[in-house]
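A.B. asks: Here's my sequence, what's the structure:
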Amino acid sequence: AAQQRLLSMGRDTFLDTLRKQDHAKVDEWQTQMQLKPMRLGAVKLYSGGLSPADGRLTGVEMIASVEDAVADSMARHGDPHVAFVPEGPYVVPRHAV
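C.D. replies: Numbering: from 1, shown residues only. Coordinates of the predicted model:
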């Protein structure tokens, strides 16, 4: 339900409604956390297990190929440096020399 409200309201309106509430509704926190990286850049998702309808509900760009998305990003930004964070938000990335 939170994802559906995000998609229908848009990011700013969704966040405004959260600020006005005394208590969070089910799953709103996760949707709010999703918006943090979306403020900084494009979030793309590769998944072979989501239906097209569920993919749209994520609110991020679904991609068919990780390799193509990485190559596209490198070309758009003119930067060949790439970081992969395999375990999500509980990993602290460190640069290895």
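A.B. asks: secondary structure class for Pro93?
C.D. replies: Three-state call for Pro93 (DSSP: H, G, I helix; E, B strand; the rest coil): coil.
A.B. asks: pretty sure it contacts Ala83?
C.D. replies: Yes: using C-beta atoms under 8 Å, Pro93 is in contact with Ala83, at 5.9 Å. Every C-beta, even on glycine, is put in place using the N, C-alpha and C of the backbone.
A.B. asks: Name the residues contacting each of these two.
C.D. replies: Common neighbours of Pro93 and Ala83 are not found (criterion: C-beta atoms under 8 Å, 6 or more residues apart in numbering).
A.B. asks: Ramachandran coordinates for the nearest residue to Leu57 once chain neighbours are set aside?
C.D. replies: Nearest non-adjacent residue to Leu57, counting by C-beta to C-beta, 6 or more residues apart in numbering: Gln3, 5.1 Å away. Torsion angles at Gln3 (phi, psi; degrees, to the nearest 10) stand at phi -60, psi -40.
A.B. asks: what sits against Gln3?
C.D. replies: By C-beta under 8 Å, 6+ apart, the residues touching Gln3 are Asp27, Thr31, Leu57, Thr58, Gly59.
A.B. asks: measure it to Arg19 for me?
C.D. replies: Distance from Gln3 to Arg19, counting by C-beta to C-beta, to the nearest Å: 18 Å.
A.B. asks: Find the residue at the geometric middle of the chain.
C.D. replies: The residue lying closest to the centre of the chain (C-alpha atoms, centre = their mean) is Val43, at 4.3 Å.
A.B. asks: For Leu7, what is the enclosing helix or strand?
C.D. replies: helix 2-9 (DSSP states H and E).
A.B. asks: Downstream of that helix, the next helix or strand is which one?
C.D. replies: Trace forward from helix 2-9 with DSSP H and E and the next one is helix 11-19.
A.B. asks: That next one: which residues count as buried?
C.D. replies: Within helix 11-19, the residues that count as buried by 16 or more other C-beta atoms under 10 Å are Phe14, Leu18.
A.B. asks: Could you export that helix as CSV, keeping only the C-alpha atoms?
C.D. replies: Extracted as CSV, the C-alpha positions of helix 11-19 are listed here (Å, rounded to 0.1, in the frame of the first residue of the first chain):
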residue,chain,number,x,y,z
ARG,A,11,8.1,11.4,-3.7
ASP,A,12,7.6,14.9,-2.2
THR,A,13,3.9,14.5,-1.4
PHE,A,14,4.5,11.1,0.0
LEU,A,15,7.2,12.4,2.3
ASP,A,16,5.0,15.3,3.4
THR,A,17,2.3,12.9,4.4
LEU,A,18,4.7,10.9,6.5
ARG,A,19,5.9,14.1,8.4
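A.B. asks: Understood, closing this out.
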